[in-house]
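Participant: with the input below, show me the fold.
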Amino acid sequence: MEKRELQKIVNPVYTTAKGTVMLLAAMGDQDTMSLIPYIEVDEEGVRHEVPEDIQKCYMIAQMARYVIHNSAALASNSANIIDLPSGYAPRGFRVTSAGKRYFGFDLPIVIDTMKPAAEKTMSAAQRALSSYCAVDATNYKSMRDALGDVEGDICIVTEGMLGYFSESELISLCQAIRRLLEEFGGSWVTADMTSLQIYPLTFEAVLGGDPEKMDMISKNLAASMADVDFYKNSLFCNGLEGALEFLSRQGFSVKREPTDIYMPDIPGIDPAMMQKLREAYKPIEILTMTLDTDHNKADMVPDDKDDLPFAVSSYSSDGVLHVKIQGRLDTITAPDLLEEFQKTEGKVDAIKVDASNMAYMSRAGLRVLTIMCESLEDKSRFEVTGEAIRGRFSD
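Facilitator: Next up is the predicted model:
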């Protein structure tokens, strides 16, 4: 199986990025439309049976969320904007046109498409200021290597990503972002925790409809595009106050602002409706995180195995597949484990995985281990050993 197919299996969430860019294109965003021919949006057939008027509300809400994050990033004093995840959206066009450096970080399967697409559609000046890199968002070293010799402080923008993470992934992301801010200075901005409201609020403002109905539709649409549980971590399960408490525990000071101050006019929306939307969006907040310098760093020490390079080795004996994993099993490396497993062609009766030197496992890694387990007729003959895996399977 080709690498790209392996990446699809371990990272199905990437399909949501295609849905997003299609909504932006449907709103007439010119930069997005220039990218469409190069990003294979027809590959997955991103289509949903949604009434036209409700789909229009969904398109407006998606565009609003996108431009709010653009405005917040550009309003920062940072010379370097890190878009995490970059998806297929043209935020890099906006950032580089403002004279700032842009770093688009995402899954390999996204970057492999988006990087050449941007090169074909950006101006020479924009290309000189932009960089697209495959990273694992929970891995500080992955992101730090992608930044290279960048100078000046950074602004990290996360739009639409945080609800996809398990609790352990979320904590690892926060630790990675904190280490980057310690080194470079700057901030982390997102409206993810409150921008879920943008869909029902748009529905109510545009159609006078029941916001709970739109909330259900938007969540069902998200769930239909990737087989992961959404909004099951500490940023979403305990309300905004619970999210703020969690961020404080992770070592961040948080500034709260209403998103309507970052809301430019949306092309195609008449002034009266635009004003109505701004009023509707006032309950939504964008959060800007900076380092809490008084925070106790005792809990922020990375696993000492994080520095081990990833490696996977295997051999078969008497129908038993023995697999040894070293380093991080995450969105970048999980396809390698799946590839190693597929070499057996299903000709094993038992699997033993040695994870004693595994530093970390994301849901992408867990997905591959689940595939391996499900391949066995007798699931009890799947065994994972090693102190390093304690707590990795709980979420």
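Participant: helices of the stretch 251-395 of the chain, start to end?
Facilitator: Assigned by DSSP state H, counting those that start in this stretch, the helices in the stretch 251-395 of the chain fall at 271-280, 334-342, 363-374.
Participant: most packed of those helices?
Facilitator: Comparing the helices of the stretch 251-395 of the chain by mean neighbour count (mean count of other Cβ atoms under 10 Å), helix 334-342 ranks first with a mean of 21. Every C-beta, even on glycine, is put in place using the N, C-alpha and C of the backbone.
Participant: output that helix as PDB, nothing but the C-alphas.
Facilitator: C-alpha atoms of helix 334-342 as PDB (Å, rounded to 0.1, in the frame of the first residue of the first chain):
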ATOM      1  CA  ALA A 334       2.000   5.700  12.800                       C
ATOM      2  CA  PRO A 335       2.000   5.000   9.100                       C
ATOM      3  CA  ASP A 336       5.400   3.300   9.400                       C
ATOM      4  CA  LEU A 337       4.000   0.900  12.000                       C
ATOM      5  CA  LEU A 338       1.000   0.100   9.800                       C
ATOM      6  CA  GLU A 339       3.300  -0.500   6.900                       C
ATOM      7  CA  GLU A 340       5.500  -2.900   9.000                       C
ATOM      8  CA  PHE A 341       2.400  -4.700  10.100                       C
ATOM      9  CA  GLN A 342       1.000  -5.100   6.500                       C
END
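Participant: against which helices or strands is it packed?
Facilitator: With contacts taken as 3 or more Cβ pairs under 8 Å, 6 or more residues apart in numbering; DSSP states H and E, helix 334-342 sits against helix 3-10, strand 311-317, strand 320-329, helix 363-374.
Participant: quick check: residue 234 touching residue 168?
Facilitator: No: between residue 234 and residue 168 there is no contact under Cβ atoms under 8 Å: 10.9 Å.
Participant: still on that earlier bit, output the helices of the stretch 251-395 of the chain in JSON lines, with distance to residue 198 and mean pLDDT appended to each entry.
Facilitator: Output for those, formatted as JSON lines (distance: least, Cβ to Cβ, whole Å; pLDDT from 0 to 100):
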{"stretch": "helix 271-280", "distance to residue 198": "9", "mean pLDDT": "94"}
{"stretch": "helix 334-342", "distance to residue 198": "32", "mean pLDDT": "94"}
{"stretch": "helix 363-374", "distance to residue 198": "26", "mean pLDDT": "92"}
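Participant: would you list those helices in JSON lines and tack on distance to residue 252?
Facilitator: Formatted as JSON lines, those follow (distance: least, Cβ to Cβ, whole Å):
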{"stretch": "helix 271-280", "distance to residue 252": "28"}
{"stretch": "helix 334-342", "distance to residue 252": "28"}
{"stretch": "helix 363-374", "distance to residue 252": "23"}
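Participant: residue 112 - how many residues pack around it?
Facilitator: 15 (other Cβ atoms under 10 Å).
Participant: tell me which of the helices and strands packed on helix 334-342 sits nearest to residue 143.
Facilitator: strand 320-329 (12.8 Å; Cβ to Cβ).
Participant: just want the angle from that closest one to helix 334-342.
Facilitator: Relative orientation of strand 320-329 versus helix 334-342 (axes from the mean of the first three to the mean of the last three Cα atoms, to 10 degrees): 170 degrees.
Participant: other residues contacting strand 320-329?
Facilitator: For strand 320-329, the external contacting residues (Cβ atoms under 8 Å, 6 or more residues apart in numbering) are 136, 139, 305-306, 308-316, 333, 337, 340-341, 344, 348-355, 357-362, 364-365, 368.
Participant: re earlier: among the helices of the stretch 251-395 of the chain, which comes closest to residue 37?
Facilitator: helix 334-342 (27.0 Å).
Participant: kindly calculate the angle that the closest one makes with helix 363-374.
Facilitator: 10 degrees.
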